[in-house]
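Engineer: this one's sequence-less:
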């Protein structure tokens, strides 16, 4: 009987290892923080802000990568019942994000097109349009796919967006 348990254990271990090697987002979880006195109940419309190109990491993020992340965040917001609007004037809150590669991936170069960021930290902030202050923030370690146009990569982005927005808006009873 113990050999059966050993085979089952080995199979489970192999499945976990294959999932890790494939980069599947098992257990993606974001950490969040927010302003406990902010009224999140009035938020229905979200405007995603443009990405400034003022740091090496944002210069190294391609327009395609930005579009893919924006698309995943937009889809998740809509799935959760929010309207994503193009105009800040229509928005109840602004969404701003940045993707920070690990320090070892930040390479001093004047040709960002030759660099490929493979992983890092995604920080998503919700900003009050009146005070222009962050009222909610989520941080998640995420990976980028070497072949971003695959179904697996799209599924990963969807699951990462779901994980990063899972606690937005915060539960008023929880704070």
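Structural biologist: Looks like it arrived, so ask away. It should be emphasised that the depicted structure is a prediction, and the values quoted were computed from it without experimental measurement. Numbers count the residues shown, from 1 in each chain.
Engineer: show me where the chain has its strands.
Structural biologist: Along the chain, the stretches classed as strands by DSSP state E are 31-34, 45-48, 83-84, 93-100, 119-127, 134-143.
Engineer: may I see those strands organised as JSON lines, with distance to residue 54 added?
Structural biologist: (Glycine included, C-beta is placed from N, CA and C.) Shown next, in JSON lines, are the strands of the chain (distance: least, C-beta to C-beta, whole Å):
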{"stretch": "strand 31-34", "distance to residue 54": "24"}
{"stretch": "strand 45-48", "distance to residue 54": "18"}
{"stretch": "strand 83-84", "distance to residue 54": "24"}
{"stretch": "strand 93-100", "distance to residue 54": "11"}
{"stretch": "strand 119-127", "distance to residue 54": "15"}
{"stretch": "strand 134-143", "distance to residue 54": "18"}
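Engineer: wait, which of these is closest to residue 172?
Structural biologist: strand 31-34 (10.7 Å; C-beta to C-beta).
Engineer: could you report the neighbour count for residue 41?
Structural biologist: Residue 41: 8 surrounding residues under other C-beta atoms under 10 Å.
Engineer: residue contacts, it?
Structural biologist: 169, 172 (C-beta atoms under 8 Å, 6 or more residues apart in numbering).
Engineer: gap between it and residue 54?
Structural biologist: The gap separating residue 41 from residue 54 is 34 Å, by C-beta to C-beta, to the nearest Å.
Engineer: likewise for residue 171?
Structural biologist: Distance of residue 171 to residue 54, given as C-beta to C-beta: 35 Å.
Engineer: and residue 76, how many neighbours does it have?
Structural biologist: Using other C-beta under 10 Å, the number of residues around residue 76 comes to 22.
Engineer: repeat for residue 48
Structural biologist: Applying other C-beta under 10 Å, we find 20 residues neighbouring residue 48.
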